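>>> Below are the sequence and a predicted model; questions follow.
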Amino acid sequence: MYDPRSEDANGDGYKDGVHLFASLKDKPAEGTGIYFGKDPHTLFVNVQHSGTGNDKTMAITKRQE
């Protein structure tokens, strides 16, 4: 996910603002897309399981602090 507050630490002209925020541990699973809905605080993640056919769409929401 891109972080607009990041800086160009290595001087290559690009901000170094991409961070890993999630990963799949199920080997046959494949991430097939992410998108935001009408609520900008909810990210939907699509996961496909080719071996089992147990495909899912999961919602990740930001905690209000």
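Great, that's in hand.
>>> quick one, strands of the chain?
For the chain, applying DSSP state E gives strands covering 29-36, 42-49, 56-61.
>>> Output those as JSON lines; include the columns distance to L20.
Using the backbone N, CA and C atoms, a C-beta is placed for each residue, glycine as well. Converted to JSON lines, the strands of the chain look like this (distance: least, CB to CB, whole Å):
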{"stretch": "strand 29-36", "distance to L20": "12"}
{"stretch": "strand 42-49", "distance to L20": "14"}
{"stretch": "strand 56-61", "distance to L20": "14"}
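>>> possible to save the ones you listed as a markdown table with mean neighbour count?
A markdown table is the format used below for those (neighbours: other CB atoms under 10 Å):
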| stretch | mean neighbour count |
| --- | --- |
| strand 29-36 | 12 |
| strand 42-49 | 15 |
| strand 56-61 | 10 |
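>>> export the ones you listed to CSV and tack on distance to R5 and mean pLDDT?
CSV is the format used below for the strands of the chain (distance: least, CB to CB, whole Å; pLDDT from 0 to 100):
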stretch, distance to R5, mean pLDDT
strand 29-36, 19, 88
strand 42-49, 18, 90
strand 56-61, 20, 89
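>>> Out of those, which gets nearest to N10?
strand 29-36 (26.9 Å; CB to CB).
>>> What pairs with the closest one, parallel or antiparallel?
Next to strand 29-36 in the sheet, as set by DSSP bridges, lie strand 42-49 (antiparallel).
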